[in-house]
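Peer 1: Got a predicted model here, sequence first, then my questions.
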Amino acid sequence: MLTENKHIVNWVNEMAQLCCPDNIVWIDGSESQLQSLREEGFATGELIKLNDELLPGCVYHRSAVNDVARVEGRTYICCEKEEDAGPTNNWMAPDEMYAKLKEIYKGSMAGRTMYVIPYSMGVVGSPFAKYGIELTDSIYVVVSMAIMTRVGTDVYKALGDSPDFIKGLHSKAELDAEKRYIVHFPQDNTIMSVNSGYGGNVLLGKKCFALRIASCLGRDEGWLAEHMLILGVENPKGEVRYVCGAFPSACGKTNLAMLIPPEGYRKDGWKCWCVGDDIAWLRPGPDGRLWAVNPENGFFGVAPGTSSKTNPNALASAMKNSIFTNVVLKEDGGVWWEGMDKNPPKNALDWKGNPWDSASGVPGAHPNSRFTAPAKNCPCISPEFENPAGVPISAIVFGGRRAKTAPLVYQSRDWDHGVFVGSIMASEKTAAAEGKVGETRRDPMAMLPFCGYHMADYWQHWLDMGKKITNPPVIANVNWFRTDDEGHFLWPGFGDNLRVIRWVLERAFGEVEARESEIGFLPNVEDIDLSGLDMSADELGELLSVDKELWLAECEGIREFYGKFGEKLPAKLMEELEKLEGNLK
Ligand code: OXD
Ligand code: MN
């Protein structure tokens, strides 16, 4: 036992009585303990050691074939009242769910060890930090949590006798997909995850705590837990300005978080710094600005498509002390995935562990295969990454994948209009996702699967926060995915996105004019820098155009979506929608 905190000790004992592990191991975060667990994982096959020369300190892990992604259909918010979970979450009465889970957890760790992981989201002792204890029967979870969060006994010191920690119970149990549940009890600060071994379901500090539970804490305590990257943009004068960005999956969020400026910009002295790639916790500071930290300590990134061209910083981050899940395992103890390069390996094993021939046409890596890498490995990690006070946010960008409607960028008129812009976020499905190509999925603030309470109450919380932030960031919407009539992308994306972020930040500092349009402020064509790009002012004009007919149809879609939220929909958002419709008519 590494703590005498009776709330922790009693809870660990209670859960051990339920799950019946053979023994309990208290994790202290030391490298020696983690190494002996890795060795144990190698011996049982739970982990595979990778080539220490190519990938020092790296390990390989496979999750079960039926267990390779988050399971939104089996994710629950079990608050007291159903109406507080809202129409976008699954809900069950807490007593009923506790009873159901008890049956599933009963004896689930027999013959196994229960590990007790003390971890911090945020730098221990920071005013932003929140603590958690995760109990798990998986060594993969222990070594992953040691990358993704700050694991160690200083968490016990920071907690003292306090009950103020998030309880997380994870058991792989039988990996039975029919009994798989990812459940949140916000009123009890408790998360229960069972019958899964996939990172997004079992690394409880991430989506479960830092978004679903933390969004409830933020509502109650006056801050925001958001599915956002945090990027520092340094201009040639050496000033660093920070932007947060929320994007649904498959919109290049990790690439934007680790953006490499275009060549001409690099020559001129522009630099970009990654503070976070997935989650931001935001609080109003004493100066009236919004301050952000990344509560995580590592990256849990999608491997396929990550290459030395698309995201060299992500690739470099994963070259040591990292975990690879469900990628191709090479004969030489290296790893590979589709989109890494054009040389698929011979004599390799696919993500299921079977011999794999690239000529078969079947991908060798699972499309959702992952790298889990320490943030400190990232070549462009921000010097402010560990700053307990966070970084001041000058702009928030929302974005989605829209072929026609949303222009390359537009800025909201004010905070409330910005909340409206976030609430109507949507992305069109690509061939890679389920559902009809082109179908629009509304994903407000990219929080659809992550908001731990009623989405309309969450919007109201955003509106209320606006009153507390006297010096608010500008809010803009970006769209890297506009296409021409043949379906070709009009904007080059990747590093060139800095040209757009630059404009948004210039707006935040009052350094550039804009023109008012029906939907918000648009850039004047000459104000988006195109130097070094093969793009004419006319083409940029096309990217910035607003098709009123399409937008009126969009308004109908928004109205229908808003209809789901009933009386809780903030009147302010309906007013914004009506204003937009009025402007377009
Ligand atoms: C993630 C996600 O894994 O958003 O970050 O699903
Ligand atoms: Mn995410």
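Peer 2: Cool, got the structure. Residues are numbered from 1 along each chain as shown. Ligands and ions are numbered 1, 2, ... in the order given.
Peer 1: which residues sit in contact with residue 225?
Peer 2: Going by Cβ atoms under 8 Å, 6 or more residues apart in numbering, residue 225 touches 210-211, 214-215, 217-218, 279-282. C-beta: built from backbone N, CA, C; applies to glycine.
Peer 1: cutoff 6 Å now
Peer 2: Residues in contact with residue 225, defined by Cβ atoms under 6 Å, 6 or more residues apart in numbering, are 211, 214-215, 218, 281.
Peer 1: any idea of the mean pLDDT in the helix or strand hosting it?
Peer 2: Assessed by DSSP states H and E, residue 225 sits inside strand 224-226. Taken as a whole, strand 224-226 has a mean pLDDT of 98.
Peer 1: That strand: partners in the sheet, and parallel or antiparallel?
Peer 2: Partner strands and pairing direction for strand 224-226 (DSSP bridges) are strand 280-284 (antiparallel).
Peer 1: In PDB, list the C-alpha atoms belonging to the strand it pairs with.
Peer 2: The C-alpha coordinates for strand 280-284 follow below in PDB (Å, rounded to 0.1, in the frame of the first residue of the first chain):
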ATOM      1  CA  ALA A 280      -7.700  21.100 -23.600                       C
ATOM      2  CA  TRP A 281      -8.800  22.200 -20.200                       C
ATOM      3  CA  LEU A 282      -9.700  25.900 -20.300                       C
ATOM      4  CA  ARG A 283     -10.100  28.400 -17.400                       C
ATOM      5  CA  PRO A 284     -10.700  32.100 -17.300                       C
END
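Peer 1: That one vs ligand 1: in contact?
Peer 2: No. Under the criterion of Cβ under 6 Å from any ligand atom, strand 280-284 makes no contact with ligand 1; the nearest approach is 12.7 Å.
Peer 1: ranking the contacts of residue 225 by neighbours, who comes first?
Peer 2: In terms of neighbours by other Cβ atoms under 10 Å, the contacts of residue 225 top out with residue 281 at 29 neighbours.
Peer 1: So for the longest helix seen in the chain, mean pLDDT?
Peer 2: Identified as the longest helix of the chain according to DSSP state H is helix 548-563. Model confidence over helix 548-563 averages 97 on the pLDDT scale.
Peer 1: Quick one: residues in contact with it.
Peer 2: The contact list for helix 548-563 (Cβ under 6 Å, 6+ apart) reads 404-405, 424, 442, 569, 577, 581, 584.
Peer 1: Go again with 10 Å.
Peer 2: 87, 402, 404-406, 420, 423-424, 426, 440, 442, 444, 456, 459, 518-519, 547, 569-570, 573-574, 576-578, 580-581, 583-585 (Cβ atoms under 10 Å, 6 or more residues apart in numbering).
Peer 1: So for it, what gets flagged as buried?
Peer 2: Buried residues in helix 548-563, counted by 16 or more other Cβ atoms under 10 Å: 551, 554-555, 558, 561-562.
Peer 1: ok, back up a step: ligand 1: which of the contacts of residue 225 is nearest?
Peer 2: Ligand 1 has its nearest neighbour among these in residue 211, at 8.9 Å by Cβ to the nearest ligand atom.
Peer 1: Now for the closest one: which residues touch it?
Peer 2: Contacts for residue 211 (Cβ under 10 Å, 6+ apart) come out as 184, 218, 225-227, 278-279, 281, 295, 447, 449-452.
Peer 1: One more: residue 492?
Peer 2: 262, 480, 499, 533-535.
Peer 1: mind running it again at 8 Å?
Peer 2: When contacts are counted by Cβ under 8 Å, 6+ apart, residue 492 touches 533, 535.
Peer 1: Under a three-state scheme, what state does it occupy?
Peer 2: At residue 492 the chain is in coil, as set by DSSP: H, G, I helix; E, B strand; the rest coil.
Peer 1: any idea how far it lies from residue 101?
Peer 2: 49 Å (Cβ to Cβ, to the nearest Å).
Peer 1: same thing with residue 362?
Peer 2: Here the criterion is Cβ to Cβ. By it, residue 362 lies 37 Å from residue 101.
Peer 1: follow-up on the earlier one: right, and the helix or strand after the longest helix of the chain?
Peer 2: Going down the chain from helix 548-563, the next helix or strand is helix 571-584, by DSSP H and E.
Peer 1: tilt between that next one and helix 548-563?
Peer 2: Helix 571-584 runs at 160 degrees relative to helix 548-563, counting by axes from the mean of the first three to the mean of the last three Cα atoms, to 10 degrees.
Peer 1: Up against ligand 1, what does the chain have?
Peer 2: With the criterion set to Cβ under 6 Å from any ligand atom, the chain comes near ligand 1 through 70, 200, 249, 278, 300.
Peer 1: Among those residues, which are located in helices?
Peer 2: residue 200.
Peer 1: of the contacts of helix 548-563, buried ones?
Peer 2: Burial by neighbour count, judged by 16+ other Cβ under 10 Å, picks out 402, 404-406, 420, 423-424, 426, 440, 442, 444, 456, 459, 518-519, 569-570, 573, 576-577, 580-581, 584 from the contacts of helix 548-563.
Peer 1: hmm, back to that, check the contacts of residue 211 against ligand 1 and report the nearest one.
Peer 2: Nearest to ligand 1 out of the contacts of residue 211 is residue 278 (Cβ to the nearest ligand atom; 4.9 Å).
Peer 1: From residue 469, how far off is the closest one?
Peer 2: The gap separating residue 278 from residue 469 is 23 Å, by Cβ to Cβ.
Peer 1: These two - which one has more neighbours?
Peer 2: Legend: neighbour count by other Cβ under 10 Å for residue 278 and residue 469, higher for residue 278 (24 against 18).
Peer 1: By pLDDT, give me the weakest of the residues of the chain next to ligand 1.
Peer 2: For those, the least confident entry is residue 249, with 84.
Peer 1: That one: neighbour count?
Peer 2: Residue 249 is flanked by 16 other residues according to other Cβ under 10 Å.
Peer 1: Enumerate every residue touching it.
Peer 2: Shown in contact with residue 249 (Cβ under 8 Å, 6+ apart): no residues.
Peer 1: Can you tell me the closest non-neighbouring residue to residue 148?
Peer 2: Of all residues not flanking residue 148 in the chain, residue 298 sits nearest, at 4.4 Å (Cβ to Cβ, 6 or more residues apart in numbering).
Peer 1: thinking that neighbour is in contact with residue 371, fair?
Peer 2: No. Applying Cβ atoms under 8 Å as the test, residue 298 and residue 371 come out as separate, 9.6 Å apart.
Peer 1: ok, the two, which is more surrounded?
Peer 2: The neighbour comparison of residue 298 against residue 371 (other Cβ under 10 Å) goes to residue 298, with 29 against 25.
Peer 1: pLDDT value on that one, please?
Peer 2: Here, the pLDDT recorded for residue 298 equals 98.
Peer 1: How is residue 273 assigned, secondary-structure-wise?
Peer 2: strand.
Peer 1: what are the bridge partners for it, then?
Peer 2: Per DSSP bridges, the residues bridged to residue 273 are residue 232.
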